[in-house]
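Novice: any chance you could fold what I've pasted below:
(one chain, ligands or ions: 1)
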Amino acid sequence: MIDNKTLDVAITASVEKLQSLFGNAPEVAVVLGSGWAGAVSHVQDGQNLPYTELPAFPQPKVEGHVNEIVVGHIGGQRVVFLRGRAHTYESGECTGMAGALRTLKRWGVKLLVQTNASGSLRGHMPPGSLMLIADHINAPQRSPLVGEQGSHRFVDMVNAYDADLRKHALALAKRENLMLGEGTYCWALGPQFETPAEIRMFAAWGADAVGMSTVPETILARHAGLKVMGIALMTNMAAGLSAEALTHDLTLKQAQMSGERAAGFLATLVASLKDVAL
Ligand code: HPA
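Specialist: Here you go, the predicted model:
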């Protein structure tokens, strides 16, 4: 883990780079999870910059993965997409996105929209469904804020997923005739999938979807002072809830099948934020 002083230098350099290339920050940033990459095709006048040019961003360890930001407009709303996130299961560290999110905040971003692929715990949200994240369960009880100083570290997590913006998204989905569930996302560390017993426990806790990301970033974003929204794309029924064996391939295939609709709604949502005070 890098210390805060080193991270701060990297954040300052990253903000300067973004400001010099793109000017002032868009108000909206979107983290694209598995299945959501198609959203980039909705961007007008998009400009790309690889994470390797931004020292506070997670540096890709595997060649060939897309790890870049895309800055542009969707409708009248300016937006920065983050393609590629650091997962806790890659390194054991849950702080992988700290530098990137603090850079966005310092640049001037107001809202972080998170997207991910999840397993569904609920029969009314079959694979292909979208779920607006209303709340989360930090099952591993890991925090990216361990070691932070000051009273500021005791972040209020009530309405971490902004209540007004959730209302806005649900109303938009209704207008668009799109089924958008709302529920609680449970973070599982991974990279192994869950056992059926774990899924039964998460369901008893009140979880509606399970996945291996998003929660550390929401904590970091709230600590940084960003508003947060989250949408999960159900790629499979969670372990033990369907006869199908759980594989990464299965989740990727389902993500590809429903990705276009998910990306279409995300684009509509981003465009609609033009009329929302953030
Ligand atoms: N469990 C955890 N992460 C996931 C799943 C799942 O069932 N599906 C997609 N990401």
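
Novice: pull the residues that contact stretch 256-273.
Specialist: 27-28, 30, 35-39, 41-42, 74-77, 79, 111, 113, 115, 127-128, 130, 168-169, 172-173, 176, 178, 180, 231, 233, 235 (C-beta atoms under 8 Å, 6 or more residues apart in numbering). Where you see a C-beta, it was placed from the backbone N, CA and C, and this is true even at glycine.

Novice: select only the buried ones of these in PyMOL?
Specialist: A single PyMOL command selects the buried members of the contacts of stretch 256-273 (16 or more other C-beta atoms under 10 Å):
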select buried, resi 27+28+30+35+36+37+38+39+42+74+77+79+111+113+115+127+128+130+168+169+172+173+180+231+233+235
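
Novice: inside helices: which ones of the contacts of stretch 256-273?
Specialist: Under the assignment DSSP state H, those contribute 168-169, 172-173 to helices.

Novice: Throw these into a markdown table and include pLDDT, thanks.
Specialist: A markdown table is the format used below for the ones in helices among the contacts of stretch 256-273 (pLDDT from 0 to 100):
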| residue | pLDDT |
| --- | --- |
| H168 | 98 |
| A169 | 98 |
| L172 | 97 |
| A173 | 97 |
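
Novice: nearest to T184 among those residues?
Specialist: Nearest to T184, judged by C-beta to C-beta, of those is A169 at 15.8 Å.

Novice: got the contact list for the closest one?
Specialist: For A169, the contact set (C-beta under 8 Å, 6+ apart) comprises 132, 180, 229, 231, 269.

Novice: from those, which two are the most distant?
Specialist: Greatest spacing in these, by C-beta to C-beta: L180 and M229 (11.9 Å).

Novice: find residues that contact each of the two.
Specialist: Joint contacts of L180 and M229 (C-beta under 8 Å, 6+ apart) are 132, 169.

Novice: still on that earlier bit, what would the ones in helices among the contacts of stretch 256-273 look like in TSV with distance to R153?
Specialist: Formatted as TSV, these follow (distance: C-beta to C-beta, whole Å):
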residue	distance to R153
H168	29
A169	29
L172	34
A173	35
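
Novice: what's the farthest-apart pair in the residues you listed?
Specialist: Farthest-apart pair in those is H168 and A173; separation 9.9 Å (C-beta to C-beta).

Novice: can you pull the buried residues of stretch 222-235?
Specialist: 222-224, 226-235.

Novice: for stretch 90-100, same thing?
Specialist: Under 16+ other C-beta under 10 Å, the buried positions of stretch 90-100 are 94-100.

Novice: could I have the CA atoms of it written out in PDB?
Specialist: Coordinates of each C-alpha in stretch 90-100 appear next as PDB, following Å, rounded to 0.1, in the frame of the first residue of the first chain:
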ATOM      1  CA  GLU A  90      -6.400  -8.900  -7.500                       C
ATOM      2  CA  SER A  91      -4.100  -7.700  -4.700                       C
ATOM      3  CA  GLY A  92      -5.800  -8.200  -1.400                       C
ATOM      4  CA  GLU A  93      -5.900  -4.300  -1.100                       C
ATOM      5  CA  CYS A  94      -9.200  -2.600  -1.100                       C
ATOM      6  CA  THR A  95      -7.600   0.800  -1.700                       C
ATOM      7  CA  GLY A  96      -6.900   0.300  -5.400                       C
ATOM      8  CA  MET A  97      -9.300   3.100  -6.600                       C
ATOM      9  CA  ALA A  98      -8.400   5.600  -3.900                       C
ATOM     10  CA  GLY A  99      -6.100   7.700  -6.100                       C
ATOM     11  CA  ALA A 100      -8.500   7.700  -9.100                       C
END
